[in-house]
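Enquirer: how would this look folded up:
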Amino acid sequence: MKNYNLIISLIIVSIISFSCSSSQQGPSAGKKAASTKTGWKYNDRDFGGFEVNLKYKGFQPPVPGMAFVEGGTFMMGQTEENIMQDGSSTRPRAVTVTSFWMDRTEVTNVDYREYTDWMKLVFAGGGNDTPSREEDLYVLYDRSLPDTTVWRSRYGYNEPMVENYFRHPAYNNYPVVGVSWEQAMAYCEWRTDRVNEKRLCDEIGLDFEKYREGGGIDDPEEYFSTKRYLKDPSYNMENFIDKKKAKKKGKPGKKDLAAREEGKGKKAKKSRDRNRKVRIEDGVFVPNFRLPTEAEWEYAALALIGNSHEDYVKENKIYPWNRHSVRDNIKSTQGQILANFKISQGDYMGYGGYHNDVGSLTTPVSSFMPNDFGLYDMAGNVAEWTLDVYRRETGKLDDVNPHRGNDWKALVYRDIDGNPQAEPLRVSDIDNEDMAIAYGYEWDKNLEQVVFDFDTKPYDLVKIDVDFDPLKFKSQGFTAEGENKWKTDPKIKNPDENKDLDTYKNPNSPRRNYQVANNAGDRDGQGTGGGLYKEDSFGEYSYGKSSLVNNYTRVYKGGGWKDDAYWLSPGARRFMNQDLSTEFIGFRCVLDHMGWESSKAPKKPRTKSRVKRK
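Expert: Next comes the predicted model:
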């Protein structure tokens with residue numbers, strides 16, 4: 001009898017826990033699931049066909065090799081004295097970072113070669129053969145390659161690294177270097193598309209054929225893009241289907257419960273049974289991979305989760321490990337160096353027979369112990385790019401997810417003449433110089449086309465600033481009449497329309513949270529006469545005259561194999577222009593976490609006060 005009661009109790013507890021957990025994901029599952037606000041059934045054609053994913057089990061990383069970084073509050077800024085006295089380290093202040101996923105290691109040579117090989121195959125006619133320089137889009141592949149000449153030094157011999165580091169299998173598991181911030185961002189975009197491509201094919205039941213023709217050459221006009229699949233109604237993955245191998249019959253997608261009968265007889269039934277494309281609401285697509293913000297990187301590197309107890313931090317850190325030294329103090333490994341860095345002048349690896357930090361230059365990723373988040377090499381080996389635009393002062397940024405560098409863009413659902421259309425405009429649709437300049441692209445006068453690059457491909461969708469206003473570009477063919485009188489965001493006021501309007505301080509502005517698309521230079525400027533100067537300005541940055549800082553200068557952190565121990569501190573920060581690269585800077589990707597942010601399961605909400613109040 002006691003066992004019976006125990007079993008009943010466990011079942012009741014399990015049901016309560018499950019219902020509690022389910023409440024964090026949304027409405028409960030089942031055939032009778034319905035809205036608690038209207039009473040209409042979900043996923044029921046008779047109730048309008050409103051679809052809700054009732055089987056969603058919470059956000060999980062789409063690929064192995066990523067660690068969950070549980071968000072929280074920490075003191076962002078320098079953790080030791082700024083010995084450089086250059087003002088680069090920021091004063092500590094409390095900020096909060098939301099939860100995210102981060103690569104456990106830096107992107108390696110073999111990881112990056114997967115990307116360049118795809119670029120070669122699609123745009124340079126490569127396959128297993130040598131890429132053809134005669135291909136029209138060869139430049140896209142060429143510009144994606146890392147700059148291996150960064151290893152060269154006028155007074156040192158590093159030619160073996162120039163020739164072999166990126167491609168030789170001995171260096172497969174070493175961090176890729178010679179990659180600019182722009183190239184790292186392009187890799188993140190490519191990685192997003194390849195992950196979502198695979199997940200989509202698995203979801204709709206297709207045998208995944210990365211390249212549809214036997215030789216393996218994907219069509220540069222039809223390769224998969226997440227943005228294109230979601231935004232272009234004419235693109236539905238049919239170019240990836242092998243009808244003989246497809247697991248399901250019919251067009252790829254999910255049953256469209258909102259479809260209505262059109263016509264009579266078989267025609268009506270066929271129209272009712274049509275499929276739809278997969279949507280964000282289905283939970284198949286993952287958010288964009290990207291570089292970590294400076295705050296995210298610093299928070300992940302410190303990993304104070306191992307030093308915290310309930311609501312306070314027991315011991316702060318100088319480095320990603322607990323010791324206040326760069327040497328281990330555990331008895332079995334006492335005295336061993338904890339990262340790959342420049343130990344002292346001329347000492348990069350220790351003496352022969354006892355290589356203290358494993359290598360003279362870079363070392364394989366995960367050669368040293370991880371921090372408390374399970375992340376490797378957050379200090380040493382290579383420094384890493386972050387998402388942020390560099391400024392000395394960061395104290396006026398938000399105290400939750402602080403970031404400088406927001407540049408918001410929107411797609412253009414208009415044709416080249418400015419008339420509305422169902423599908424978004426493509427880069428290849430731009431056919432004149434005036435339109436290219438207006439939309440922010442370079443124009444090749446010899447080829448009479450937009451200048452293509454690894455981040456500007458012919459069949460990319462045109463993205464323009466959210467504050468784009470055709471009235472500013474009358475000379476580029478836009479007019480103020482008819483269909484051409486449009487704005488990307490009508491809520492953003494154009495100062496040209498009312499020169500007395502101070503859009504930043506006007507309380508009646510319909511757009512209160514921002515007024516410009518590019519906020520990299522907000523409240524300071526880029527060079528003389530550039531930017532927006534206010535009374536509370538951060539200061540003027542005259543690039544090339546009094547500063548090397550501009551709106552294209554990005555923060556990198558972490559210290560590399562050729563850096564002194566000072567740069568291993570997560571609070572230390574440096575900068576470099578986003579189109580440059582070096583032999584000691586690499587990168588890793590992060591992925592935004594969706595939904596419940598804690599690593600612990602949701603607790604049952606309190607239904608009544610535990611304290612009796614008089």
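
Enquirer: Quick check: residue 255 vs residue 572, distance?
Expert: 54 Å (Cβ to Cβ, to the nearest Å). C-beta: built from backbone N, CA, C; applies to glycine.

Enquirer: neighbour-wise, which of the two wins?
Expert: residue 572 (23 against 15; other Cβ atoms under 10 Å).

Enquirer: That one - that's part of a helix, no?
Expert: No - under DSSP: H, G, I helix; E, B strand; the rest coil, residue 572 sits outside any helix and is assigned coil.

Enquirer: got a list of contacts for stretch 438-456?
Expert: Under the criterion Cβ atoms under 8 Å, 6 or more residues apart in numbering, residues 119, 137, 139-140, 143-144, 182-183, 185-186, 189, 412, 427-428, 430-431, 433, 436-437, 458, 462, 464-465, 470, 473, 476-478 lie in contact with stretch 438-456.

Enquirer: How far does that stretch sit from its chain's centre?
Expert: In this view, stretch 438-456 has its centroid 25 Å away from the chain centroid, taken as Cα atoms, centre = their mean, to the nearest Å.

Enquirer: How about stretch 317-332?
Expert: On the basis of Cα atoms, centre = their mean, stretch 317-332 sits 31 Å off its chain's mean C-alpha point.

Enquirer: Can I get that stretch in PDB, CA atoms only?
Expert: Extracted C-alpha coordinates of stretch 317-332, given in PDB (Å, rounded to 0.1, in the frame of the first residue of the first chain):
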ATOM      1  CA  LYS A 317      39.100  37.300 -11.300                       C
ATOM      2  CA  ILE A 318      42.000  38.900 -13.200                       C
ATOM      3  CA  TYR A 319      42.200  36.200 -15.800                       C
ATOM      4  CA  PRO A 320      39.700  33.500 -17.100                       C
ATOM      5  CA  TRP A 321      41.100  31.200 -14.300                       C
ATOM      6  CA  ASN A 322      41.000  31.700 -10.500                       C
ATOM      7  CA  ARG A 323      44.700  32.200  -9.900                       C
ATOM      8  CA  HIS A 324      46.000  35.700  -9.700                       C
ATOM      9  CA  SER A 325      49.000  34.500 -11.700                       C
ATOM     10  CA  VAL A 326      49.600  33.000 -15.100                       C
ATOM     11  CA  ARG A 327      51.000  29.800 -13.600                       C
ATOM     12  CA  ASP A 328      49.000  26.900 -12.100                       C
ATOM     13  CA  ASN A 329      49.100  26.300  -8.300                       C
ATOM     14  CA  ILE A 330      47.700  22.800  -8.300                       C
ATOM     15  CA  LYS A 331      50.200  20.400  -6.800                       C
ATOM     16  CA  SER A 332      50.300  18.000  -9.700                       C
END
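
Enquirer: and residue 599, how many neighbours?
Expert: Neighbour count for residue 599, taken as other Cβ under 10 Å: 11.

Enquirer: cool, residue 205 as well?
Expert: Residue 205: 11 surrounding residues under other Cβ under 10 Å.

Enquirer: Please report how far it lies from residue 443.
Expert: Separation of residue 205 from residue 443 (Cβ to Cβ) stands at 44 Å.

Enquirer: Same check on residue 424?
Expert: In this view, residue 424 and residue 443 are 20 Å apart by Cβ to Cβ.

Enquirer: again, but for residue 418
Expert: Taken as Cβ to Cβ, the span from residue 418 to residue 443 is 18 Å.

Enquirer: What of residue 299?
Expert: Distance from residue 299 to residue 443, counting by Cβ to Cβ: 42 Å.

Enquirer: and what of residue 174?
Expert: 40 Å.

Enquirer: Residue 200 too?
Expert: For residue 200, the distance to residue 443 - Cβ to Cβ - is 35 Å.

Enquirer: neighbour count winner among the two?
Expert: Taking neighbours as other Cβ under 10 Å, residue 200 and residue 443 compare with residue 200 leading, 23 against 16.

Enquirer: Show the pLDDT at that one.
Expert: Per-residue confidence (pLDDT) for residue 200: 85.

Enquirer: And for residue 156?
Expert: For residue 156, the pLDDT comes out at 93.

Enquirer: Please apply the same query to residue 471.
Expert: pLDDT, residue 471: 71.

Enquirer: and if you look at residue 382?
Expert: pLDDT for residue 382: 96.

Enquirer: Can you tell me, leaving aside adjacent residues, what's nearest to it?
Expert: Nearest residue to residue 382, sequence neighbours excluded (Cβ to Cβ, 6 or more residues apart in numbering): residue 586, at 3.9 Å.

Enquirer: wait, what's in contact with the one you found?
Expert: 106-107, 175-177, 179, 381-385.

Enquirer: So which residues of the stretch 201-350 of the chain form helices?
Expert: All helices of the stretch 201-350 of the chain, identified by DSSP state H, counting those that start in this stretch, fall at 226-231, 265-272, 294-302.

Enquirer: Going by mean pLDDT, which of the ones you listed comes out lowest?
Expert: If you rank the helices of the stretch 201-350 of the chain by mean pLDDT, helix 265-272 sits at the bottom with a mean of 59.

Enquirer: what's the burial count for the spatially closest residue to residue 105 that is not a sequence neighbour?
Expert: Distance criterion Cβ to Cβ, 6+ apart; nearest residue to residue 105, sequence neighbours excluded, is residue 365 at 3.8 Å. For residue 365, the tally of surrounding residues (other Cβ under 10 Å) stands at 23.

Enquirer: Surely residue 365 touches residue 173?
Expert: Yes - Residue 365 is within contact range of residue 173, at 6.0 Å (criterion: Cβ atoms under 8 Å).

Enquirer: shared neighbours, the two?
Expert: In contact with both residue 365 and residue 173: residue 108, using Cβ under 8 Å, 6+ apart.

Enquirer: End to end on stretch 433-450, go ahead and measure it.
Expert: End-to-end distance of stretch 433-450 (Cα to Cα, to the nearest Å): 8 Å.

Enquirer: What of stretch 373-385?
Expert: Start-to-end, stretch 373-385 (Cα to Cα) is 19 Å.

Enquirer: Go through it and flag the buried ones.
Expert: 373, 375-385 (16 or more other Cβ atoms under 10 Å).
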